[in-house]
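# Curious how this folds, go ahead:
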Amino acid sequence: MKLFVWLAAKWYRKAAEQGDAGAQCLLGISYDEGRGVEQSDTEAAKWWRKAARQGHKEAKSMLEALQK
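Numbers count the residues shown, from 1 in each chain. Prediction:
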């Protein structure tokens, strides 16, 4: 199971780095939960911010919740 989680995070990163807002949001979730990557609120916020700037509603919500 850990291999699949790690692979998912790897592919999310590839797509996120190319500007895919959905992948950026999912990568943020991965960082928030520490799934496939080391847990980091800073990294989660970074990726959610990028997605939110593109209008991704879930990323905006996740970012707001993290900042509370």
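# Tell me which residues touch residue 2, please.
In this structure, residue 2 makes contact with residue 36, judged by C-beta atoms under 8 Å, 6 or more residues apart in numbering. For every residue, glycine as well, the C-beta is placed using N, CA and C.
# surely residue 39 meets residue 30?
No: using C-beta atoms under 8 Å as the test, residue 39 is too far from residue 30 to be in contact (9.2 Å).
# between these two, who's got more neighbours?
In this comparison of residue 39 against residue 30, neighbours counted by other C-beta atoms under 10 Å, the higher total goes to residue 30 at 25 against 12.
# how about the nearest residue to that one, chain neighbours excluded?
In space, not counting the residues next to it along the chain, residue 30 is nearest to residue 9; the distance is 4.7 Å by C-beta to C-beta, 6 or more residues apart in numbering.
# Quick check: what element follows the helix or strand in which that neighbour is found along the chain?
With secondary structure defined by DSSP states H and E, residue 9 is part of helix 2-17. Beyond helix 2-17 in the direction of the C-terminus, DSSP H and E gives the next helix or strand as helix 21-33.
# Can you name the residues that contact the most centrally placed residue in the chain?
Taking C-alpha atoms, centre = their mean as the criterion, residue 28 is the residue nearest the geometric centre of the chain, at 1.7 Å. With contacts taken as C-beta under 8 Å, 6+ apart, residue 28 has the following neighbours: 43-48, 51, 59, 62-63.
# same thing but at 6 Å, please
Contact partners of residue 28, counting by C-beta atoms under 6 Å, 6 or more residues apart in numbering, are 44, 47-48.
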